[in-house]
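# Could you look at this predicted model? Sequence included:
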Amino acid sequence: MTAGGLNPTIVAADLARRGFDIHVLLEQPEGKGEITRRRARKLGWITALGQLGTMIAARLLRRLADRRVAALLAEHGLDRTLPDTIPIHPVTSINAEETASLVADLKPAAVLLVSTRLMSPRQLAVMPCPVINLHAGINPGYRGQMGGYWSLRENDTANFGATLHLVDAGTDTGGTLYEVRTRPSKGDFISTYPLVLTLAALDITAQSVSDALNGTLRPYPPSGPSALRFPPTLWSWIGHGIVSRIW
């Protein structure tokens, strides 16, 4: 299940290349207005609008990241397209009744979430199989969004990584299946960190799905301080980038 984009495309194509029989349920992405209103209720409008500014800037900067993205894809022998053999099922939301009905028809042995909205507890309860999430951050210290960026910003480069975990009612709080850590290159920044982490996590993603199919999932509780992360505000991102050169 995914809201679309390059990273989920790479994951789906890699799983298909490894021989997994997969279907893609493609939900409609949440609108920025909806996301901003939800954050404003939690964090206040000034912070929410500042985070919206960073999201917009990061999207604009993706064009500047194209050369780095192309180099990463070439290094791993990947491209930006899904194989024609992968069925795609458009849905309004991963939490819609139509999605639950479709899952019941498909009878999957595992559900993998990559870049989706949060699955609701009600929807999770009707899933007929383990639900796994690929999270671009090391749990529990970098739950939420932009975990790679925050690990660098907090001078915690040893925890620049990704987590495969089971989905529960919380935000990236389910039992950990696997972790992987890597290092970004000098040319990476907030728009390319997620791709770097996705590529590093392809092997453990495939292993997690394989474990689910074989009935050998062994989740364990993540240890350490827990923190839910959001995008930095635009002024915080720019200010810290100027001072520390972490963009």
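Now that the structure is in, tell me what you want to look at.
# got the end-to-end distance for stretch 10-26?
14 Å (CA to CA, to the nearest Å).
# pLDDT below threshold where in this protein?
Along the chain, the model assigns pLDDT under 70 to no residue.
# tell me the helices in it, going along the chain?
6-17, 32-43, 45-61, 66-75, 97-106, 121-125, 147-153, 193-200, 202-214, 234-244 (DSSP state H).
# Distance to Thr85 added to those helices, as CSV?
No exception for glycine: its C-beta is placed from N, CA and C like everyone else's. Formatted as CSV, those follow (distance: least, CB to CB, whole Å):
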stretch, distance to Thr85
helix 6-17, 7
helix 32-43, 33
helix 45-61, 30
helix 66-75, 20
helix 97-106, 16
helix 121-125, 27
helix 147-153, 31
helix 193-200, 21
helix 202-214, 17
helix 234-244, 40
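# which stretch among those comes nearest Val167?
With CB to CB as the criterion, Val167 lies closest to helix 121-125 of these, at 6.2 Å.
# Next, count neighbours for Arg17.
Using other CB atoms under 10 Å, the number of residues around Arg17 comes to 13.
# excluding its backbone neighbours, what's nearest it?
Pro83 (7.9 Å; CB to CB, 6 or more residues apart in numbering).
# give me every residue that touches Ile190.
Thr54, Ala58, Leu61, Met146, Tyr149, Trp237, Trp247 (CB atoms under 8 Å, 6 or more residues apart in numbering).
# go with 6 Å
Shown in contact with Ile190 (CB atoms under 6 Å, 6 or more residues apart in numbering): Ala58, Tyr149, Trp247.
# Now list the buried members of the residues you listed.
With burial judged by 16 or more other CB atoms under 10 Å, the buried subset of the contacts of Ile190 is Ala58, Tyr149, Trp247.
# As JSON lines, those residues with distance to Ala200 would be great.
Shown next, in JSON lines, are the buried ones among the contacts of Ile190 (distance: CB to CB, whole Å):
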{"residue": "Ala58", "distance to Ala200": "20"}
{"residue": "Tyr149", "distance to Ala200": "15"}
{"residue": "Trp247", "distance to Ala200": "20"}
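# Extract the CA atoms of stretch 198-215 and return them as PDB.
Output in PDB follows, covering the C-alpha atoms of stretch 198-215 (Å, rounded to 0.1, in the frame of the first residue of the first chain):
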ATOM      1  CA  THR A 198      15.000   3.300   1.000                       C
ATOM      2  CA  LEU A 199      17.800   1.800  -1.000                       C
ATOM      3  CA  ALA A 200      19.700   0.800   2.100                       C
ATOM      4  CA  ALA A 201      16.500  -1.000   3.400                       C
ATOM      5  CA  LEU A 202      15.700  -3.100   0.300                       C
ATOM      6  CA  ASP A 203      17.200  -6.300   1.700                       C
ATOM      7  CA  ILE A 204      15.600  -6.000   5.100                       C
ATOM      8  CA  THR A 205      12.300  -5.100   3.400                       C
ATOM      9  CA  ALA A 206      12.400  -8.300   1.400                       C
ATOM     10  CA  GLN A 207      13.500 -10.300   4.500                       C
ATOM     11  CA  SER A 208      10.500  -8.900   6.500                       C
ATOM     12  CA  VAL A 209       8.000  -9.900   3.800                       C
ATOM     13  CA  SER A 210       9.600 -13.300   3.500                       C
ATOM     14  CA  ASP A 211       9.400 -13.800   7.200                       C
ATOM     15  CA  ALA A 212       5.700 -12.900   7.100                       C
ATOM     16  CA  LEU A 213       5.100 -15.400   4.300                       C
ATOM     17  CA  ASN A 214       7.000 -18.100   6.200                       C
ATOM     18  CA  GLY A 215       5.400 -17.400   9.600                       C
END
